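Asker: Just to be clear, the model below is a prediction. Sequence and coordinates:
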Amino acid sequence: LLYCTSAFPTRMNPIDIQMLSKPLHDQIFQQEPTYPTEDVERSVRHLKTHDLWGKETSTLPEVDFKLPDLLGENIDEHFKEIARQQSKPYLDAAQVLANSRLPTMPREWRWSRGWTRYDGKGDVTAVDYPDEEALVFDVEVCMSEGDFPTLATAASPNAWYSWVSDRLLEDHYSWSPRPTLDDLITMETAVGSIKPGGADWREKVVIGHNVSYDRSYIKEQYFMKGPKTRFLDTMSLHMAISGLTSFQRILWLASRAGKKQGLKDVREYTSKTRKQFKGQGIGGWDWLNVSSINNLGDVHVLYTGGPKLKKTERDVFVKGTLEDVRNQFQELMTYCAKDVQATHEIFSMQLPMFLERFPHPVTLAGMLEMGQCYLPVNSNWERYLRDAEETFQDLQKEMKLSLMHLANDACHLMHDNRYQEDPWLWELDWSTQELTLKKEAAAKKKRVKVEKTDETENQNVEPDGKSTKKKKKKGKKEEAEEVEDQEETEEDRVQRVLQTADRLPKIKRHMPGYPTWYRDLCPKMTGVWSPGPNLISAQARVTPKLLRLRWDGFPLHYDAGQGWGYLVPGRTDNMGGADGQDNAGRNFPTKAVFDVYKEYLKQKRDTKDKEPLDQRYSGWANDDMWEHILDLSQKSKGEGNGDVEEDPIYDSSVLYSNGESAPEFHRGVGPYNDVDLPGVWFFRLPHKDGAKFKVGNPLAKDYLNKMEDGTLTAAAGGPANRTLEVNKMVSFWRNARDRVTSQMVVWLKKKELPRIVSRNSDYEEEGLYGAIIPRVITAGTVTRRAVEPTWLTASNARPDRVGSELKAIIQAPPGYHFIGADVDSQELWIAAILGDANFAGFHGCTSFGWMTLQGKKSSGTDLHSKTASTIGISRDHAKVFNYGRIYGAGQPFAERLLLQFNHRMTQEQASEKAKQMYAATKGVREYKLSEAAQQALAELGGTTQSGTEWVSLAEVRSLSRAVRKKLFLGSGQLDIIAGRRWVGGTESEMFNKLESIANSAEPRTPVLDCRISRALEPAYVKSEFVTSRVNWVVQSSAVDYLHLMLVCMRWLFNKYNIDGRFCISIHDEVRYLVRSEDRHRAALALQITNLLTRSMFAYRLGMDDLPQSVAFFSAVDVDTVMRKEVNMDCKTPSNPHGLTRGYGIPPGDALDIYQILEKTNSSLRKEDQPREKKANKRISIGQ
Amino acid sequence: MVSPKSAASVLEGLATLCKTHGYVYAVGTAGQTVYNYGALGAELRRNLQAEWWQSTVTTQDNVFGIENAIQQSLPAPDVHRTPGEAVGETMQTGHQSLPQHLQHGVLSHYHSSLQLLNNKLPFGLAEVGRCFPRRTAEEERFLYSTREMTAMSMLYFVPPKKSGAWFDLFQRQRMQWWRKFASSPSSFTVVDTSDAEDMTYPTVNIQFAFPWGVDTVERITLRDDSDLLDLEKKTGLSCQGKDGRKLVVPHVLEMETYLEWASLVYLLDGLTQVTRTDVEQKILRLHCRLAPYKVAVLPGRGTASQLREITDYIARDLRTAGIPCWYSADPQHSNEQQYTWYDEMGVPFSVAVNENTIKTGITLVRNRDTTIKEQVHISQLQHMLLRYMQAD
Amino acid sequence: MVSPKSAASVLEGLATLCKTHGYVYAVGTAGQTVYNYGALGAELRRNLQAEWWQSTVTTQDNVFGIENAIQQSLPAPDVHRTPGEAVGETMQTGHQSLPQHLQHGVLSHYHSSLQLLNNKLPFGLAEVGRCFPRRTAEEERFLYSTREMTAMSMLYFVPPKKSGAWFDLFQRQRMQWWRKFASSPSSFTVVDTSDAEDMTYPTVNIQFAFPWGVDTVERITLRDDSDLLDLEKKTGLSCQGKDGRKLVVPHVLEMETYLEWASLVYLLDGLTQVTRTDVEQKILRLHCRLAPYKVAVLPGRGTASQLREITDYIARDLRTAGIPCWYSADPQHSNEQQYTWYDEMGVPFSVAVNENTIKTGITLVRNRDTTIKEQVHISQLQHMLLRYMQAD
C-alpha cells in the first residue's frame, strides 16, 4: 500500500516511542531533534521509579503520503500565513470601522417595512439590505411574539440603517411558531431572493454585542452555503481581554453593590460555597478596575469610561406586546440605535487591545470561523420534539396516576383516625372543612313559594303519579292563602330543599369532607379541570411520604428546619411513654417506625444483595462523565458562563453526633436532636454538596443513583418503585425540554435549498429541511471556550432517559454527510506535552507523558488504570478523578467524590484515599528556602534534611521558628520561602510547568501566545486566583488547539475545493457538514489538520517531532447524524426502535487514517479520487 | 406470572363478581361457552367502544369508520393472510358466511375511500364488528377466548417510505390509550415481535399482565403491500395513491384488538382486594369514563318519605342530564353495605342523603377510591358529575 | 303517496347519492343484496343508535341495556310469539343459530335484572343488536328490507294495572323522538292497529311517508303476561315482581325499530332538491346531531402553503375536540363546487379561509341550510361547533 512503506526505518525516540515516519517528519519539521544523554538518563530514572520503564510497547504501521505544501519557513509561519489570508478582508474592514466615526444618528425613524438607509446628509431611502463591508448591528425581539425579529438598527461609517418587520407594521394572526426566511432580516439579498445583491457573495463583517443572537435572525445565515459574512462579537472580545471568572463576577457585583451590601453578598456566597476567601486578604482589588461583567452597559463603561446606557426601554421588548412597541416606535428605535453606537465605541477600543494581546493571526481567524456554527435539521426534528414530549407526558401521566392512587388509598386512613399509626402519614394535615349554609333570612323562613311552569314537566314522572300541578293557575292572592293550609306536594317539598342553594356560601367550598393535605392536591373545579389529586407530582412535598420512602431502611421524614431526613428508631432519652407525642401534640407512631425498619431488615435478609458496590456506578461514570466532570470542574474552577447557577463545591466535614444522644448502629448526617420525636433520632439525607445543606426533594436528580443502588427504596411496593423508575426516565427531558423546544428552527423552501439537496434522490417533497443557528458565544469564558446552554452541554443518548437522543436529531440533508472527530484525550495530551517540554524536552519523558502516549489499558499502564490500581477504585471512577485533577480540583474534591460514589465510606477513609492519590500523582510540595533563610540556617549551624535548599512543609514549619527569629533579629520582615514545586508524583513536572506559566508576570498560552485576561494578570490580582490561572493554561491551550484546527480546515477546504462548512465544536470534538462525494477528502483534510495542529504544538514547545500515536485521529466519523459513536443506535424511551429502525438512518463509518488514505488515493485533490461505486443508500424502513 | 391455580381462582373470582352484578353471564352450550352482557357489561362495552372510536376514528386525520354486514357473500380464499389463516377465511354456514376477522371486509372499502380523498395518502379505515375467529382449543380464559368476538380493527394505508414513522406513532397512541384508563398503567407493555421467526411482518404486541401470564391485548402489524396488490389483482383496479406527487401502492398498517379483551383487561385491572376496617373487600376501580354507572343514588329512608322524594328527584335529575345512574328501589341494607356493593360494581360515586339534607340540601358524595364523603349541595350534583364524566 | 315509478326513482336517486358519498354500498350476492356502510353511513348509524340509547336507556328510570351474543345455543321453540313466527324462531346454521329478533334474548335477562332491583317493578330491558328476520319476498326497498337488520328493542315490564298509562307514555315519547330529528316532522304519523284483526295484542305503529307509501318505522305493542308465564315454565323461576307491596306478574310493553329503517327515514326526510343559482342541486338536510360529519374544512390554497397550514391546524383542532370533521386532502375543485358536494353529503357546516385569515384569523363558516357564510374567528370554531352538536 502506498501509505505503508518500509523504505525508511521506523523512527523511535530514545525511550522507544514511535515517532512520525521520516517522510512525514521531513515535510513538517526542518531538522531531526537531538537528545542530550543527560536528559534521557533523567527521564529513564524517573520512569523507573514509577514502574513504567521497560514496559512493552507496540508500533503502528507507518504513514507516508504527500502533504500539501506548507507556506513559510516553518509550521508556525505557515499557520500565520493561512490565518492572515483568511481574516484579512474582515480585519481590514473592521479596522476601517473601528477607526471611523459613525454619522449622526437620525432624529426620526421611518415607519416602513424592511431596511431604510439614512445617509449623513438627510437622504432617507428604502434599501434591500445595508450594502456595507462592515457594520455594527443590533436586533430587538418582542418576546411575546416568539422567534420573530421586531426591529433592528445598523450603522457603518457611511450611514445609519433601520429595519422594521412586517409583523410590527401590521397585525398578523400567529399561525406557526416557526419563522420563515421571509420573516428574517436580510443582510445580503433582497426579500424573496436567494441570490446575493452583487455579482457574488462578498466578504462582510458584522459586529455586535453577543452577536450570535443577532446572527440567528439574519436570513442568509440559514443558507447552507454561500454567504461570506463573518461576525465579531464584542462580548467575546471583552471576555478574552478582560473577562472574569464566575467567582470574580460575584465579587465584582458585590463590590459594585457598595461596601456594606457587597461584603454581605460575598460573605453569603463564600459561606455557602466555603470558598477560600481570606477577607480583606484578597491580594488587592485592582482587577476590578480593568474588568467588568458581560452586559453591554458595563462593558461600555469599562472600555469607554462613558456614561451608563439607559436600559429601561428593554422592558417593552421583554414584557410588552407588539402594540406597545408600535406606540413607542421612535423611542425604541433610538434605544436600539444607541446600543449600536455603544457597541461601535466599545469595538473601536477593543480591536487594538485584542490584536496586541492575541498576536497570533490564528486566534482571530479561529474566532471568525467559530462564529459560523450551523446545525442542519429535518422533519425528524419535529418528530423528535413530539416523540420526546409525548413520551414524557405519557410517563408523567403514568407517574401522576400512580401517585394519585397512592393519595386516594391514603384517604382510607381517615376512618377511625388510623393515620395516627402510620409511620409516614401521621404528620400530614388531616383536618377537614365543613360545608355550611348562610343563616336563613328570617322573613323568608316560612314562605317558600313554589313557582312551577310547564317547562319543567318531566316525562319521566310516572304516568300514574300524583298530579302535581293542581294549583298552578290560581291567582297570587288565593295561592298565598292556600299555602298555609294546603297540604304540601312532593314537588313543593323538593323545591324547598333545592332553594337552599340560595344560602350556599358565595365562594365555593373546596371539597368539604376531605383532609386538608388531599384537598391541597386537588384543583378547584373551574375552567379546564382534571379530577382527583391532580396537582401531585414528583416535586410535591407529600410525595416521598406517599411512596413511603426509606433511606437504608429508615422512613423518611420532613422537618421544616432540617429539610428531608430519616428517622432512626431506638432513642430512649426522650421517651415519655410507649407512644409519645411530638412538640405539636400529635401522636407519634414510635412503634410503627420501628416496625418499618424491622421489616426492611427482614426483606434484606431474604434478598441478599451480592453485587459489589463499586460496579453499580460504572454505568454512571461512563455515560455522564463529561457532563459530570465539567460540572464539577466548573464549580471548582469557579468558572462558567454567568447563566449557569453557581453551585458550591464540596466540603470535607460531615457532622457527627453532638455527644448527647446518637445511635451506635448507624452513622449519617446527624442526628439532629432538635427534631424531638419520641423514640427516634432524625438524620438528614446526605446532600451532594455537603452536610451543611438541607435536602429539598429526595426525588431530585441527585438521588437517582441512590435509588439504583437500593439505598433509597419505596416501601409502598410495586407501583411506587415504578414511580421512582419513571421519575428517573423523565429527568433528562424535564430539565432540557424548555431549552430544546425553544430552539429556533427555520425551515427552508425547496428553492432555498442547494440543488444538491433538492435534486437528491433521498429528497422528500413533503419533508422539512432547515437549520438551527445555535447562539454560541465564541469566547464565553475566561479561557475563551465557547459557551452555549443546549448544544455545547448535550450529553449522549441513554436508554433510560426520554429525549436524550437530542444530538442525533441533528441530521445532514440529502446529499450531505457529517465528518468529525474527537481529539483523543486532548487536555491530557496538552498537559502532558507541557510537562514533557518542562522536564527532559522530548515526548513521553515524564511518567504522565509516557502514560498518555504509550500507556495501554490492556497492560494497566494507561493513566486511568494506573490511578485505579493506585487507590483501588474502578477505572471509570479513576477517569473522573484524573480529569478533575487536571482541571485544578484539589484533594477535597477527591474526598467528596469518593463519598459520593460510596456514601457508606467514612470521612476518614475518604480523606486517606484522597491523600494517597494526590501524593502518587500530583506529588508533594517542596519549598525553596530563600537565600536569607539559607544563610540564617547556616549561621545557626543547621542543614536541611535533603541537604539542598528544597524542604518539605513539615520541615518548613520546624525550621521556621528558629530561622524566623534569627531573621527578624536581622533584617525584619522576610519570607523564608522563595519558591515552591511539586515532587515525587507522576504529574509533578506537569504541574510545575503549569504553575510557572500561571505565576509568570504575563501568563500567555505557550502555543499561540494568547495573553490571559487582565482580570487574572498577576499585576492586578497579586497571588490570588491561582487555581483559575493554572487551569487557564491547559484550557486556553485547548482553545488554541481548536482555533488551529478550524483555520487549517478552512485552508484545506478552500485549497482543494471541498464543498463543506463548519458546523459545531463540542468539548474536544469538531463536526463539519460536507457534500457526500467530498466526504472522504474532507476526512483526510481533518486528519492532516490534526497532524499539523499537534506538530505546531510540538514545534512551539521546542520539540521538532511528534509521536505517531497522536499524529492522527484514531478515527474520523463519517455519518449522517451527530452522535458520539457512528454505531450508536440512540435507543431511548422516546426513540424505542433506535435510529436505524425507527428513523431509517444507517450506522456511519468510523475511518482510521489508513482507511482514509485508501479511499482517497492518499490525496486531497478531486481528480485523484477513486471512482465511487455506489452511494450509501438509506435503509428502507418496514422491512 | 401467577401459578395456574391462582390464575384460575382470580378469573373465577372475577367471573363470580361479573355474574353477581350483571356484568357478564356465561351460558353453557354444546362445546363452548357463550357470554351475554347484562346492564353493566353492556355499558362497559359501549364506553370502551366509544373511547376506541373517538381515539381511532374521530380524532384522527382521515380515518373512516365503516360498518359491514356480518353475512357477506363468499369471498375468494385470501392467500395473503398469515399462513395459519390461509385456509378457510370464513366460517361457512349454508351459502352465507360469518367472518373470522374484519380486515377482509374493511379492505373492500379501499377504493371508494381512496376516491373520496382524491387518491391522497395516507388514510385509514376502521370497523368495530362481530367476528368468529377460529382458535385452537385453549384452557378457559373467561372473556379472553370466546367463540364470538367483537373486533376493533383499523387499517391504515401509508406511503411505504413513511411506514416506519407511522408504525411508531400508532404504537405510542395505542399504548397511551390502553394506559389512560388503567389503574396500573405499568401492567401494559409493548413487545416487539418483529424479529421472531414466525412473523411475516414487523409486529408489535401490546401486552397485559393477565393472571395466566403476560398476553396480547392488541396487535399492531406493519404489513407490506401484498394485501393491496392482491386486491388489485382481484378487482382489476389500481391501488396506487398519491404520496406528494408520486404514485405508490401503500403499505398497510393494521391494528386489531377485541372488545372482549379490553373488557376483561379493565375488569382485571380494576379489581382490587382491600382490607377496610378489618374486612376483606373487593373494589372494582374502573376509570370514570369506562364505568357503566357513574353514580349510585342511595334511596332516602325514614322521615315521612321526604328523604325518598329527594333521592327520587336526584336520580331523575341526573338521568335527565344523561348521567348513567343506578337507583335501586328498595334499600334492604345499611348505607355502608350499599357502599360495599357499589364498590364491587365499580360505581365511582354514591350519593346519600340524611335528615340534614332536608334542611340544607347538602348531600354526601362518596368517592369509591378515597372512600371519603364529600359534602355537595344537591344543586351542584349534576354539574359535578358531568365534569367528572367529561374529564380525561 | 307517490307513484310506484317515481317511488322507485326517488329510492334510486337516494341510493346513488349514498353510493357516491360513501353512505351505503349495495353488494349484490346470490339472491339478496347486502348493504355495507361507508364512513358516512357508519357514522349516521352510530349517531342514531346513540340517540336511541340515550333516550331509551340512560335517561329512563331503570331501563337496562343489555347485549347478547349473536350465536346462541338453540333454545326450545317458543310457542308464544305471534302465530307466524311460532315455527323456527331462529335461522339454524349448523348447531348454531342466528336470531330473527332480539326479544327472546332480552327476556333471558329478566330474572337477573329483577333480582338486582329487589324485585321492584317497573323496569325495562333494551338491546341494540343484529338480527336476521325472515321476511316474505318484497320488492327492493333499499335499506327497508335487508336480510340483516340491526334492531333497537325495548321490553318494559309493568304492573298490569298501569300498563295502559305506560303504553300511552311510550307512544308519545317515541313519536317525539322521531320528530325531533326530522326536517318535516309531519311525515310521521301514529296508527293504532289494536283493533285490526290479525293483531293479538294492542299495537301502535309509528309510520313514515316513504316514497312507496306510508309504512311502519316502529312498532309498540302491549303484550300481556304470556311471555313471562312461559319463561316461568321454562326456568321454574317465578316472574313475579313487586308493585308497591303486591306481587304481580308484569305485562310486557314492547317497542321495536330498526337502525336501517331509521337511517332510511332520515335520509329520505333530509334529501331535498333545490335550485340554487339556476342549477338543480341536492341537499341532504340531516339534523346536526345525526349528521355523520359536523363540519367540512376546505383546504387552503395559494400563498406559499401558509393557508394550507392554517386549515391543517383547524382540522386538527376540531378533530382533537372530538368533532367529526371532513378534511379532504387535495382540492381539485372550486370552493363553490366543494360546498355543493358537502351539501349533498349532509355536512351542516363548512369552514373556509382566505388571504385575510392569515392576518386576522377570521374564517368563513358556511351553514348548509342558510348558505350564509358567517365570520368566525379561528379560536371560536371549536366552541361554536361543540355548542351546535350538543344542542337539541
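Answerer: Nice, I can see it.
Asker: how does chain B divide up, domain by domain?
Answerer: B:7-71+B:98-268, B:293-391 (the TED database).
Asker: so how many other residues sit close to residue 370?
Answerer: Defaulting to chain A. Using other CB atoms under 10 Å in any protein chain shown, A:M370 has 25 neighbouring residues. C-beta: built from backbone N, CA, C; applies to glycine.
Asker: actually it's chain B I care about, not the one you picked
Answerer: 22.
Asker: which residues sit in contact with it?
Answerer: A:N408, A:C411, A:H412, A:Y514, A:Y518 (CB atoms under 8 Å, 6 or more residues apart in numbering or on different chains).
Asker: how would you label B:G41: helix, strand or coil?
Answerer: helix (DSSP: H, G, I helix; E, B strand; the rest coil).
Asker: how close does the residue lying closest to it once chain neighbours are set aside sit to chain C?
Answerer: Using CB to CB, 6 or more residues apart in numbering or on different chains and skipping the chain neighbours, the partner closest in space to B:G41 is B:Y23 (4.2 Å). The gap separating B:Y23 from chain C is 11 Å, by CB to the nearest CB, to the nearest Å.
Asker: Tell me what B:T189 is bridged to.
Answerer: B:Q207 (DSSP bridges).
Asker: Quick one, grab the pLDDT at it.
Answerer: Listed pLDDT for B:T189 reads 89.
Asker: the helices in the stretch 951-1100 of chain A, which residues?
Answerer: According to DSSP state H, counting those that start in this stretch, the stretch 951-1100 of chain A carries its helices in the segments A:953-971, A:988-998, A:1018-1021, A:1026-1055, A:1079-1100.
Asker: For the residue nearest to B:G41, give me its contacts.
Answerer: Contacts of B:Y23 (CB under 8 Å, 6+ apart): B:L17, B:Y37, B:G38, B:L40, B:G41, B:L44, B:L267, B:P292.
Asker: could those residues go into TSV alongside pLDDT?
Answerer: Compiled in TSV, the contacts of B:Y23 are given as follows (pLDDT from 0 to 100):
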residue	pLDDT
B:L17	93
B:Y37	95
B:G38	94
B:L40	95
B:G41	96
B:L44	97
B:L267	96
B:P292	96
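Asker: Which of the residues you listed fall in helices?
Answerer: B:L17, B:L40, B:G41, B:L44, B:L267 (DSSP state H).
Asker: Out of these, which is nearest to chain C?
Answerer: Set against chain C, the nearest of those by CB to the nearest CB is B:G41 (6.9 Å).
Asker: quick one: contacts for the closest one?
Answerer: With CB under 8 Å, 6+ apart, B:G41 has these contacts: B:C18, B:G22, B:Y23, B:V24, B:S263, B:P292, C:I66, C:E67.
Asker: could you check the distance from the third one over to B:F142?
Answerer: The spacing between B:Y23 and B:F142, counted by CB to CB, to the nearest Å, is 11 Å.
Asker: swap in A:R896?
Answerer: From A:R896 to B:F142 the distance is 58 Å (CB to CB).
Asker: again, but for B:L125
Answerer: On the measure of CB to CB, B:L125 and B:F142 end up 31 Å apart.
Asker: Which of those two has more residues huddled nearby?
Answerer: When B:L125 is set against B:F142 and neighbours are counted by other CB under 10 Å, the residue ahead is B:L125, at 29 against 24.
Asker: Quickly find the element holding the more buried one.
Answerer: strand B:123-131 (DSSP states H and E).
Asker: Next: B:N205.
Answerer: strand B:203-210.
Asker: buried stuff in the next helix or strand after that strand?
Answerer: The helix or strand immediately downstream of strand B:203-210 is strand B:213-223, counting by DSSP H and E. For strand B:213-223, a neighbour-count test (16 or more other CB atoms under 10 Å in any protein chain shown) marks B:T216, B:V217, B:E218, B:I220, B:T221, B:L222, B:R223 as buried.
Asker: got these as a markdown table, with pLDDT columns?
Answerer: Listed next are the buried residues of strand B:213-223 as a markdown table, based on pLDDT from 0 to 100:
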| residue | pLDDT |
| --- | --- |
| B:T216 | 94 |
| B:V217 | 96 |
| B:E218 | 96 |
| B:I220 | 95 |
| B:T221 | 93 |
| B:L222 | 91 |
| B:R223 | 90 |
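Asker: can those residues go into a markdown table with extra columns for distance to A:I773?
Answerer: Listed next are these as a markdown table, based on distance: CB to CB, whole Å:
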| residue | distance to A:I773 |
| --- | --- |
| B:T216 | 47 |
| B:V217 | 46 |
| B:E218 | 43 |
| B:I220 | 39 |
| B:T221 | 42 |
| B:L222 | 37 |
| B:R223 | 42 |
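Asker: where does the stretch 151-300 of chain A dip in pLDDT?
Answerer: Of all residues in the stretch 151-300 of chain A, those with pLDDT under 70 make up the ranges A:172-176, A:258-284.
Asker: repeat that with 90
Answerer: A:166-167, A:169-180, A:192-200, A:225-226, A:245-290 (pLDDT under 90).
Asker: now the stretch 1-150 of chain B
Answerer: For the stretch 1-150 of chain B (pLDDT under 90), the answer is B:1-11, B:22, B:26-34, B:61-62, B:69-101, B:104, B:116-120, B:131-143, B:145-148.
Asker: quick one, helices of it?
Answerer: B:4-21, B:39-53, B:103-107, B:110-116.
Asker: ok, B:V128 to B:T56 distance?
Answerer: Relative to B:T56, and taking CB to CB, B:V128 is found at 9 Å.
Asker: shared neighbours, these two?
Answerer: B:M152.
Asker: that older thread, helices and strands around the strand holding B:N205, which ones?
Answerer: helix B:163-180, strand B:188-192, strand B:213-223, helix B:259-270 (3 or more CB pairs under 8 Å, 6 or more residues apart in numbering or on different chains; DSSP states H and E).
Asker: Now do the first one: everything it contacts.
Answerer: So that's helix B:163-180. A:383, A:387, A:390-391, A:394, A:397-398, A:1136-1137, A:1141-1144, A:1181-1182, B:51-52, B:55, B:122, B:156, B:158, B:185, B:188, B:190, B:202, B:204, B:206, B:208, B:217-218, B:220, B:222, B:251, B:253, B:255, B:265, B:287, B:392.
Asker: Could you do stretch A:802-810 as well?
Answerer: Contacts for stretch A:802-810 (CB under 8 Å, 6+ apart): A:375-377, A:380-381, A:384, A:388, A:391-392, A:395, A:729-730, A:732-733, A:736-737, A:740, A:772, A:791, A:794-798, A:1063, A:1121-1124, A:1128, A:1130, A:1132-1135, A:1139, A:1145.
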